[in-house]
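> predicted coordinates and the sequence they were generated for:
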Amino acid sequence: VEWDVNGHPVRAAGTLQDISERIQSQRALAESEQKYRSVVDSICVGVVMLDANLRTLAVNRQMHEWFPGVEVGSRTPCYKVLTNTPREKACHDCPTRLTLKDGQVHEGTERLILDGQGVILRRVSSPVLDADGNVIAAVETFEDITERVRAEDAIRESEARYRTLFDSATDAIFVHDADGRMLDCNSVACERLGYSRDDLLKLGPHDLDAPEYSDAQTERAAELKQTGETTYETAHVTRDGRLIATEVSARTIEYSGAPAVISVARDITERKEAERQLMLSERKFRAFTEQSLTPIWVVQDGRIVYCNAALAVYIGVRDAAQAHNARIRDIVAADDRAELEGKLNALLLGEVEAARMVIRFSPGPGQVRWHDAQFARIDYEGRAAVLAASQDITEIKLLMEQLDAERLRDSLTGLYNRRYFNEVIAHEA
């Protein structure tokens, strides 16, 4: 500007500079900062920037909601406002304090009461560097991980309960994948087979079976794939070569997010021995009954399910096979049926343990054989039944009738004697 002698401007000169790009850059920066602020304020993670003295330089909305006392530009350090119980100095393990010291990322957790609820916050501190790489501040994020921690705790508790049940089971338990790689086993499996857990996990399920059962492995695998479960008997081989009779119940499961198979293996050595002893006992029983001259039979559902050859003779059939499945009411005299069926029902219902009666068999037309029969309740092939044994008393019965007749008739004339008429008169009176 030029001025005259009186101090008035007479002309002016100037320069023009295009600052359009600078204005646009400033606007873009402002828009970017606004976008950044919108994003940071909208996330559910608390964010705070702290200077070297742990004073607040910036804070987002979530952080302000959790800690209403925190203010940007305040000279109050974070350890007095970012907590339920203000402290006199920063914690020795404070992530921000460590970041400001070494320029590294640090994290930690803190349990606080927010809005009356106990929460667990994950704190992660990251350095803010100047152009020369010096740490001038730290950004600390607070993430509410309460639900995640509770879920993780629940999973750990569930796994602990699973492991307790897994290891306290009385049966051996194995878990293997679809390729036969052993994934887990319980302590019973290790103790029974004589392996350490590490050594047992190196084996596959097929390595445990005795060689004579190997041919059935393909069939079992196919059934497991088709139905999702299978049960079979095998023999496991211990580390020292002993064989253990085993019943395996296997089914498909999901284990650690992948398909797998869990097998529960039960030692059935005692059961197999009991079955062997039972078989021997049955053989002895059958050998005894087949050679016995005393009729012996088993009744179930009102029919003969077993008898020896001696009974066949008395009921008029060719052999024991022909008597099989015959109705008991069809082989005794009609007058004996009601009483016999009543005794059999009482035995089957458990009302009595044993019974006895005289019954009549008919081995042929016009023939009658009297038998003194004894009955007892038994289990036959897993169901209630009645075991019967009888003795032929026909000769005794006829002898008694003969003696009775001789007692009432005169030995010379064959006519009724005085004793007979006295008994008739006494009976009618």
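On my side now, so go ahead.

> hmm, Ala373 is touching Arg360, no?
No. Applying Cβ atoms under 8 Å as the test, Ala373 and Arg360 come out as separate, 10.2 Å apart. All C-beta spots, glycine's among them, are computed from the backbone N, C-alpha and C.

> mean confidence for stretch 377-391?
Stretch 377-391 carries an average pLDDT of 92.

> contacts for that stretch next, please.
294-300, 305-306, 344, 347-348, 350, 352-354, 359, 371-376 (Cβ atoms under 8 Å, 6 or more residues apart in numbering).

> out of Ala373 and Arg360, which sits in the busier spot?
Ala373 (21 against 17; other Cβ atoms under 10 Å).

> just the CA trace of the helix or strand that that one is a member of, in CSV.
According to DSSP states H and E, Ala373 maps onto strand 369-380. Extracted in CSV, the C-alpha atoms of strand 369-380 (Å, rounded to 0.1, in the frame of the first residue of the first chain):
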residue,chain,number,x,y,z
ARG,A,369,-50.6,-144.0,35.4
TRP,A,370,-50.6,-142.3,38.8
HIS,A,371,-47.7,-140.0,39.6
ASP,A,372,-46.6,-138.1,42.7
ALA,A,373,-45.3,-134.9,41.2
GLN,A,374,-43.2,-132.1,42.8
PHE,A,375,-42.9,-128.6,41.3
ALA,A,376,-40.4,-125.8,41.8
ARG,A,377,-40.2,-122.3,40.3
ILE,A,378,-37.0,-121.7,38.2
ASP,A,379,-35.6,-119.4,35.6
TYR,A,380,-35.4,-121.1,32.2
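
> I'd like the next helix or strand past it.
strand 383-392.

> now do the buried residues in that next one.
Neighbour-count burial for strand 383-392, with 16 or more other Cβ atoms under 10 Å as criterion, is recorded at 385-390, 392.

> mind telling me what element His206 is part of?
His206 belongs to helix 205-208, assigned by DSSP H and E.

> average model confidence for the helix or strand hosting Ala338?
Assessed by DSSP H and E, Ala338 sits inside helix 334-348. The average of the pLDDT scores along helix 334-348 is 94.

> for stretch 7-26, same thing?
pLDDT averaged over stretch 7-26 gives 77.

> and Ser32, what pLDDT?
Confidence score, pLDDT, at Ser32: 69.

> in the helix holding His206, what's buried?
205, 208.

> so what does that helix touch, helix or strand wise?
In terms of contacts (3 or more Cβ pairs under 8 Å, 6 or more residues apart in numbering; DSSP states H and E), helix 205-208 is packed against strand 172-177.

> quick check: what element follows the helix holding Ala338 along the chain?
Following helix 334-348 in sequence, per DSSP H and E, is strand 354-361.

> just checking: what are the partner strands of the helix or strand containing Pro127?
Here Pro127 sits within strand 117-129, counting by DSSP H and E. When pairing is defined by DSSP bridges, strand 117-129 lines up against strand 106-114 (antiparallel), strand 135-144 (antiparallel).

> picking up where we left off before, what's the helix holding Ala338 in contact with?
In contact with helix 334-348 (Cβ under 8 Å, 6+ apart) are residues 299, 302, 328-329, 332, 352-355, 357, 359-360, 375-377, 384-386.

> same check, this time on stretch 260-274
Contacts of stretch 260-274 (Cβ under 8 Å, 6+ apart): 169, 171-178, 183, 189, 192, 205, 224, 233, 236, 244-255.

> sweet, I'm off.
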